[in-house]
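Student: fold the following, please.
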Amino acid sequence: MTATPRPVALPVSSETPPTAYDRPAEYDDFVAERDVRVPMRDGVELCVDIYRPRTEEPLPALLAFAIYNKDLQGPDIAETIPPQPSWSPLWCGPQEAGDTRFLTSRGYIHVIGSPRGIGKSQGGGERTWDSYDLIEWIAAQPWCDGQVGMVGISGFGAEQMHVARQRPPHLKAIFPFDPRGAYGTLGGFREEYPGGVVHLFRYLVSHFGVFHQDKGAPGELSAEKEVLWKEAMNNDDYKLHPHLYNVLTMKGQHLPAYFEVLVDPYEAEGTVERSEREIAGIDIPVYTGSGWYAYTYKTHLQGAQTYWRHLDKAPKKMLFAGPAHLERPFHGLHSEILRWYDHWLKGMDTGVLDEPPVRYWVTGANEWRTGEDWPLPETQWTPFYLNSWERLRPTPFTPASADDTIPPDSFVQMPLTHTRQVAGLRYLSEPLSEDLTIAGPAVLKLFAAIDQEDTNWIVTLSDVGPDPSVRTVREGERDIDESLPKRELTRGWLKASNRALDEQRSTAWKPFHKLTRAARRPVVPGEVVEYEIEILATANEFRRGHRICLEISSMDTPTGVAGATNAEYVPYHVCSSRTTLHHVHHNTLYPSRLLLPVIPREH
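Tutor: This next block holds a predicted model:
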């Protein structure tokens, strides 16, 4: 007998979901109308580019609309700088409006524009309704068949959710991938700064901005804002970062949006209730998602999951891509975008609703999987307990035993004025006896004491190994090999003074912190305090022989110079200017533990 050869296992891309859908291009050319002026309801004119397939037939339109410069988008730029991987020095995050040639060739009009006060659009007035008015203007044009969808990611995704809350009549469906945070307007404090720990992402990417802004002398502030400003100016943690202090001194004349975060790093009262009410009112189909890469700047990964939880009036889908950022100019996911809009705007049978609503990439296994909801209904929330000597054990502490008196582990962190060395603690499981898959958010319940009134808790989850070692007393076998491969999966953050929980919204798998100024509670030095630290979602298969690794620290450092980082989307955090001693407790009374979303094995 001759054996039938097995098919070759080709690599699968974490940037491209396994969607077989495509159809031949219908149009081989398009008409470009650039810098078209579109009047808003108050007379302010926006500036947009319109790319139409060369035909007299009215077609559906896909709008890409965001605060990023429209002149960085479009087919001309893509010709000069073809799509770059995230590790390319020419990768530019804001190039996110979509592939014009792909969309127009398949029968869609691609409109790219900016709100008032951005780039070539006029300024003045209130921009809340700009995308609403632009959608209705597009639908009324002779080249449009009256149906409008939206395309583009990140800032372009945030605008989709913003206008969907307003329910313009001619907006029929949206595809807001990387949609920014759901709590707030076009994103907000909670999901951009999990746990209330401020970082530098907005400072870094603001340099791509084309906001209309005439800098003058430091402006006048309201009496209330003046008090907050003086408090911020006296914050030694800010003084540690001269580039941030520079923003503060200008009283909103420089990077005004980031200035507001620095002077009032809290969530405004009522934001949560208002946002949840508005999201629940969205009644058009929504395809959202993000990628495991997005834990670095948090807002997109968090926002997609929040939208998913509160959208309940229309069809919805969600996709989580892998750990590498999508290429720029953005052209990924376009087969899935086409499948979505061919269904909703062209009435084609694309099968987009005939499969499970959630699709996610599993690192380690390097494959796509599906689910019926998120978190996955089959999740087994499994605790691992912190133990002495860097151990992470699956069994709880035993009451009335030696476990009662295990002493705490400790680390001291000096500020960046003294060191670049990040201090911390590490906890490792034994090498796994079989593959173990996690998918979803995780939580660290931590019992700890510090000798200051505040600190930042920074928690890192990693996959370490494979590790063939067996630890014994013999020389060469006592320590875990420091050269073992290590792959960081995700992180979690919590400012100690922001530990107060909203008990009504918190779940076992998602602590919901209040994050308002009124809820702030300084730590009593020396007191053992309970913290619940949300670790942002991921999906990973820890292979047999690998170890689960949890690291706890309170500081990270810039990877570049002069306040910059090596990559625009990997920010560092504003950490303490004070040397701080941290004690992490783990015993019967203080059972510090990591809760992981373990997915049962299929037999």
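Student: quick check: buried residues in the helix or strand hosting Leu581?
Tutor: Here Leu581, judged by DSSP states H and E, is contained in strand 580-585. Residues of strand 580-585 classed as buried by neighbour count (16 or more other C-beta atoms under 10 Å): Thr580, His582, His583, Val584, His585. C-beta coordinates here come from the backbone N, C-alpha and C atoms, glycine included.
Student: flag the shaky bits of the stretch 101-250 of the chain, pLDDT-wise.
Tutor: Per-residue confidence of the stretch 101-250 of the chain (counting by pLDDT under 70) places the weak regions at 214.
Student: which stretches of it form helices?
Tutor: 130-139, 155-164, 189-192, 201-205, 223-233, 236-239, 242-249 (DSSP state H, counting those that start in this stretch).
Student: Pro377: which of these is closest?
Tutor: Closest to Pro377 of the helices of the stretch 101-250 of the chain, according to C-beta to C-beta: helix 189-192, at 23.6 Å.
Student: by contact count, what packs against the closest one?
Tutor: helix 271-280, helix 299-310 (3 or more C-beta pairs under 8 Å, 6 or more residues apart in numbering; DSSP states H and E).
Student: for the buried residues of strand 580-585, give me a markdown table that also has pLDDT.
Tutor: Output for the buried residues of strand 580-585, formatted as a markdown table (pLDDT from 0 to 100):
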| residue | pLDDT |
| --- | --- |
| Thr580 | 98 |
| His582 | 98 |
| His583 | 98 |
| Val584 | 98 |
| His585 | 98 |
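Student: among these, which one lies nearest to Pro597?
Tutor: Of all the buried residues of strand 580-585, Pro597 sits closest to Val584, with 22.6 Å by C-beta to C-beta.
Student: and the closest one, bridged to which residues?
Tutor: Here Val584 sits in beta bridges with Asp409, Ala448, going by DSSP bridges.
Student: these two touch, right, it and Ser592?
Tutor: Yes - counting by C-beta atoms under 8 Å, Val584 does reach Ser592; the two are 6.4 Å apart.
Student: what's the overlap in contacts for the two?
Tutor: Common contacts of Val584 and Ser592, defined by C-beta atoms under 8 Å, 6 or more residues apart in numbering, comprise Leu386, Leu446, Phe447, Ala448.
Student: and the residue nearest to Asp404 when sequence neighbours are not counted, what does it touch?
Tutor: Among residues not flanking Asp404 along the chain, Thr588 sits closest, at 4.6 Å (C-beta to C-beta, 6 or more residues apart in numbering). If a contact means C-beta under 8 Å, 6+ apart, then Thr588 has Phe397, Thr398, Pro399, Ala400, Ser401, Asp403, Asp404 as its contacts.
Student: what helix or strand is Thr588 on?
Tutor: Using DSSP H and E, Thr588 sits within no helix or strand.
Student: next, work out how far apart it and Leu594 are.
Tutor: Note on Thr588: its distance to Leu594, by C-beta to C-beta, to the nearest Å, is 17 Å.
Student: now swap in Asp133 and tell me
Tutor: Separation of Asp133 from Leu594 (C-beta to C-beta) stands at 49 Å.
Student: so the two - more neighbours on which side?
Tutor: Leu594 (23 against 18; other C-beta atoms under 10 Å).
Student: which element, helix or strand, includes the more buried one?
Tutor: Going by DSSP H and E, Leu594 is in strand 593-599.
Student: for that strand, packing partners?
Tutor: strand 380-387, strand 436-450, strand 547-553.
Student: ok, that strand: who's next to it in the sheet?
Tutor: Strand pairing (DSSP bridges) places strand 593-599 next to strand 380-387 (antiparallel), strand 436-450 (antiparallel).
Student: shaky segments in the protein?
Tutor: For the chain, the stretches flagged by pLDDT under 70 are 1-10, 214, 562, 603.
Student: who wins for neighbours among the contacts of Thr588?
Tutor: When neighbours are counted by other C-beta under 10 Å, Phe397 leads the contacts of Thr588 with 20 neighbours.
Student: so what's that one up against?
Tutor: Counting by C-beta under 8 Å, 6+ apart, Phe397 touches Tyr385, Asp403, Asp404, Ile406, His586, Asn587, Thr588, Pro591.
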